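**Q** make a model of this:
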Amino acid sequence: MACGCPSASLRVLLGATIWAMGVGGASVESQMGVGGASVESQMGVGGASVESQMGVAGALVKEHRTTSKEQEYLEEEYHVDESRTAAGVDLENNDLLASLLRMQKVLSGIEGCDTRLQHLWRDVTAQRLTLERLQEEVFLQMDRHAKIQFEHPTRQKCPEPFQVGGGGCFYHPQRVKKTWAAARYSCGKLGADLAHPANITSFRDYITTVVSGDWGFFFLGARADPKQEFPVYRWLDGRIFGGEGRKSSESLTVDGDFCVVMLPHSWQEFEHKHCETSKGWYVCEVKVKNLTQ
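**A** Coordinates of the predicted model:
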């Protein structure tokens, strides 16, 4: 993942370089000193060779002309040049070390990729929890509305694209699979809710007319609340879901499956699936006053 920030390995490499500069400065200086002596030695050998070419007599005359005072001056000048060379090497090393230390200080103030990812994951988790709370609040409001509509329907007739059948007013989006929550939101956009029929036998007859040849299941408007100490399955209007089919009255299982589905290819029996990870077909329902088939 390219996040445009220095990695931890870069910081480690920089620290190792700084340490090497601090320890290796003396070594560099000693190597420069040894190199200077070597150069001087080579120059001495070269000078002797030149003097030999000039002749032995010329060399002897030059030797006599060089007084002891001049010799001391030359030796002093040599030691000064040697000190300047060593000081120049130290100055370059110090400048480089200072630059590296400044770079390390700058990098230490910049967030690394690992830190940014941790902050991003923390924010995503917080937003997810907030959305879950908002979703539960919306569903509670929809549950209250479903109870009112079940007891006192306000619609006078079944609207399109809903159809009367199976003891109610239903609509099934063909070949569309969603999670339980997404399916309920889709129904809500139509002014309806997930199917929570009053007559299960008639609703089974309706399912046989809309089921396709594909294998799958239908989400229904019934689930259990996992936050309860003894969760039970209930329809969205508050009625206890029980007695309608196999596994219809058992408590919430330990694996977290708490949404009711109908298995159209298994005699329209009921099962429970995970609400968030499972995707299935669904049926929407609108409660209609004095509905006649």
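
**Q** look up the closest residue to Thr154, ignoring the ones flanking it.
**A** Distances taken as CB to CB, 6 or more residues apart in numbering put Lys289 closest to Thr154, at 6.9 Å, once the chain neighbours are dropped. Quick note: C-beta positions are derived from backbone N, CA and C, even for glycine.

**Q** now do the contacts for the one you found.
**A** Contacts of Lys289 were listed using CB atoms under 8 Å, 6 or more residues apart in numbering, and they are 153-156.

**Q** for it, give me the pLDDT.
**A** As predicted, Lys289 sits at a pLDDT of 90.

**Q** also Ser266?
**A** The score at Ser266 is 71. That number is its pLDDT.

**Q** repeat that for the one 10 residues further on.
**A** In this model, Glu276 is scored at 88, pLDDT.

**Q** over to the one 5 residues further on?
**A** Reading off the per-residue confidence, Trp281 sits at a pLDDT of 95.

**Q** neighbours of it, just the number please.
**A** Look at Trp281: counted by other CB atoms under 10 Å, it has 24 neighbours.

**Q** pull out the buried residues from stretch 178-197.
**A** Along stretch 178-197, these residues count as buried under the neighbour rule (16 or more other CB atoms under 10 Å): 178-188, 192-197.

**Q** I meant stretch 144-154, not that one.
**A** For stretch 144-154, a neighbour-count test (16+ other CB under 10 Å) marks 146-147, 149-150 as buried.

**Q** could these go into JSON lines alongside pLDDT and secondary structure?
**A** Shown next, in JSON lines, are these (pLDDT from 0 to 100; DSSP: H, G, I helix; E, B strand; the rest coil):
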{"residue": "Ala146", "pLDDT": "92", "secondary structure": "helix"}
{"residue": "Lys147", "pLDDT": "92", "secondary structure": "helix"}
{"residue": "Gln149", "pLDDT": "92", "secondary structure": "helix"}
{"residue": "Phe150", "pLDDT": "90", "secondary structure": "helix"}
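
**Q** report the two of the residues you listed separated the most.
**A** Farthest pair in these (CB to CB) is Lys147 and Gln149. Separation: 7.4 Å.
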